[in-house]
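Peer 1: how does the following fold in three dimensions:
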Amino acid sequence: MKLNHKIIFYFLGSLLLFNGGFILLSAIVSLFYDDGVILKLFISGFIPIALGAIIMYSTRDHKKEINKREGYIIVTFGWLIMTLSGTLPYIITQSIPNFTDAFFETMSGYTTTGSSILHDIEIIPHGVLFWRSLTHWIGGMGIIVLAIAILPLLGIGGMQLFAAEAPGPSGDKLHPRITDTAKRLWLIYFGYTVAETILLWAAGMTFFDAINHALATLSTGGFSTKNASVAYWNHQPIIQYIIIVFMYLAGANFVLSYFAFKGKIQKILKDEEFKLYTTFIAIFTVIVASIIYFRADLGMSTIGHPMVWGQAESAFRHALFQVLSIITTTGFVSADYTLWTHFLVVFFFGLMFLGGSAGSTSGGVKVVRHLIMIKNGFMEFKRSLHPNAVLPVRYNNKAVSGEIVFNVLAFFILYMLSFIIGALVFSMLGINFESAVGLSASSLGNVGPALGNFGPVTNYAALPAFGKWWCSFLMLIGRLELFTVLVLLTPFFWRNR
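Peer 2: Model (predicted):
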């Protein structure tokens, strides 16, 4: 079957149009703050709009059919075309004149990773900073639609749990039509963003800082408008607690948020992934807070402002904040956790492989995959004792098909293999072991802060050019569930069947 090239280009053209419109929104912010780059941002937005309009017009007579191969191509190349056009505001305004650096920053934005090459964020024009945060929000919004509406149709990884005929959250489809499902989830996403903006503004942030941090929180991105990240507000704990609440919501399945608004609380309380997600956060926070309180010097690790309130409260807040930030792959920083004993450095490194819930904006492996792997592991013990028994893995009281279990196991193997290869490539560039494994885990899991020379209080500017491109590749495959991108690298994918 030949590829339907016209519909692929039609979709890519529409994405350029969409991206250009958001860049023009940044130009309005530039006009409001009079930061001197409005014309450059306008040009940055006009170019993708014009190009997108030409492409859509040229391919308007396409056949309205999309098979799996077209789906893979549209998702992967869509992310790439958004990233390439998204570099224009950085390059044209000269905020990031180097193309490699601009591509890295933009890919980090769209994949909601939050790694940055910027040394001084606070001197960047307001319009460009707003665009930087918008790349997070656009990427997060796209991931929700991918997770709920598109990837299940392609049969990708554990996301099949969202397919109508499979067990799990998908059995509770919000609406039979994909477009309506996406609209409802976008509305929740937008509503949460507005709510967090208002709360942060009321708590003492400027409106500009509030909206930028809301965009970064709901997308689990992590770009901040301050060099010290959220640690800038260590003297205002209420701000950090507001961000904690919304990081928790962003790391949970957005379908469950819909159920909450519909008053279906029992569906949320019975969801196994949500219960495990919440349990993980609670247990890990207690462990980290206890070690900080009894062993770590929290005062030395805080950035920007000294901590206030009591030591116990500060230990709890910083522990909860950093545990949530890494599990949800948001990447905000309230303190330099690499100074909190060697055990906690290794502990946080392990959390980089956890990830939030499926159907959230988080990166990483996802809690539901860990849950299915754990259940399958226990079931293997039972099968060894009762070889003739039929013992399926159950999720939310429904049997999970063997195909999904195998897919989850294959995803995890491929994920760990990608992590190992990623670290090996970084080590070939002369990067030390701690930094190499940290870079690979952080980029693949879309976490942001890494370890060693690329920890929570440093940036990625010192990476060699090839290292930045390699990071960008890892960010992309990690964000798009590995199979989506890697299948395009296989020769049989491109054969006409």
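
Peer 1: against residue 26, how distant is residue 193?
Peer 2: Distance of residue 193 to residue 26, computed by Cβ to Cβ, to the nearest Å: 16 Å. Backbone N, C-alpha and C define where each C-beta goes, glycine included.

Peer 1: the strands in the stretch 351-497 of the chain, which residues?
Peer 2: Taking DSSP state E, counting those that start in this stretch to define them, one finds strands in the stretch 351-497 of the chain at 394-395, 398-399.

Peer 1: point out the most buried one among these.
Peer 2: strand 394-395 (a mean of 18; mean count of other Cβ atoms under 10 Å).

Peer 1: now do residue 7, the pLDDT please.
Peer 2: Looking at residue 7, its pLDDT reads 84.

Peer 1: can you tell me the closest non-neighbouring residue to it?
Peer 2: In space, residue 7 comes closest to residue 62 once its chain neighbours are excluded; the distance is 4.3 Å by Cβ to Cβ, 6 or more residues apart in numbering.

Peer 1: looking at residue 193 and residue 26, which is more packed in?
Peer 2: Neighbours were counted for residue 193 and for residue 26 using other Cβ atoms under 10 Å; residue 26 has more, 28 against 22.

Peer 1: correct me if wrong: that one contacts residue 130.
Peer 2: Yes. Under the criterion of Cβ atoms under 8 Å, residue 26 makes contact with residue 130 at 5.0 Å.

Peer 1: so which other helices or strands are in contact with the host helix or strand of residue 32?
Peer 2: Using DSSP states H and E, residue 32 sits within helix 5-33. When contacts are defined as 3 or more Cβ pairs under 8 Å, 6 or more residues apart in numbering; DSSP states H and E, helix 5-33 packs onto helix 38-58, helix 68-86, helix 88-92, helix 126-145.

Peer 1: buried sites along it?
Peer 2: For helix 5-33, the neighbour count (16 or more other Cβ atoms under 10 Å) marks 7-13, 15-20, 22-27, 29-31, 33 as buried.

Peer 1: do stretch 267-274 as well
Peer 2: 267-268, 271-274.

Peer 1: can you tell me which of these lies closest to residue 478?
Peer 2: Within the buried residues of stretch 267-274, the smallest distance to residue 478 is 19.4 Å, found for residue 273 (Cβ to Cβ).

Peer 1: follow-up on the earlier one: make CSV out of the buried residues of stretch 267-274 and add distance to residue 331 and pLDDT.
Peer 2: Output for the buried residues of stretch 267-274, formatted as CSV (distance: Cβ to Cβ, whole Å; pLDDT from 0 to 100):
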residue, distance to residue 331, pLDDT
267, 30, 89
268, 26, 91
271, 26, 91
272, 27, 93
273, 22, 93
274, 22, 95
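
Peer 1: so who does the residue nearest to residue 7 touch?
Peer 2: 4, 6-7, 10 (Cβ atoms under 8 Å, 6 or more residues apart in numbering).

Peer 1: swap in 6 Å and give it another go.
Peer 2: Contacts for residue 62 (Cβ atoms under 6 Å, 6 or more residues apart in numbering) come out as 6-7, 10.

Peer 1: what's the answer for residue 267, then?
Peer 2: residue 259.

Peer 1: assign a three-state SS to it, would you?
Peer 2: Put simply, residue 267 is helix when judged by DSSP: H, G, I helix; E, B strand; the rest coil.

Peer 1: who does the host helix or strand of residue 184 touch, helix- and strand-wise?
Peer 2: Per DSSP H and E, residue 184 falls inside helix 178-203. Judged by 3 or more Cβ pairs under 6 Å, 6 or more residues apart in numbering; DSSP states H and E, helix 178-203 is in contact with helix 126-145, helix 207-218, helix 237-251, helix 254-261.

Peer 1: in CSV, list those helices along with distance to residue 228.
Peer 2: Formatted as CSV, the helices and strands packed on helix 178-203 follow (distance: least, Cβ to Cβ, whole Å):
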stretch, distance to residue 228
helix 126-145, 15
helix 207-218, 12
helix 237-251, 12
helix 254-261, 30
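
Peer 1: in TSV, list those along with mean neighbour count, mean pLDDT and distance to residue 366.
Peer 2: Below are the helices and strands packed on helix 178-203 laid out as TSV (neighbours: other Cβ atoms under 10 Å; pLDDT from 0 to 100; distance: least, Cβ to Cβ, whole Å):
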stretch	mean neighbour count	mean pLDDT	distance to residue 366
helix 126-145	25	89	12
helix 207-218	25	97	18
helix 237-251	21	96	10
helix 254-261	20	90	13
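
Peer 1: thank you, goodbye.
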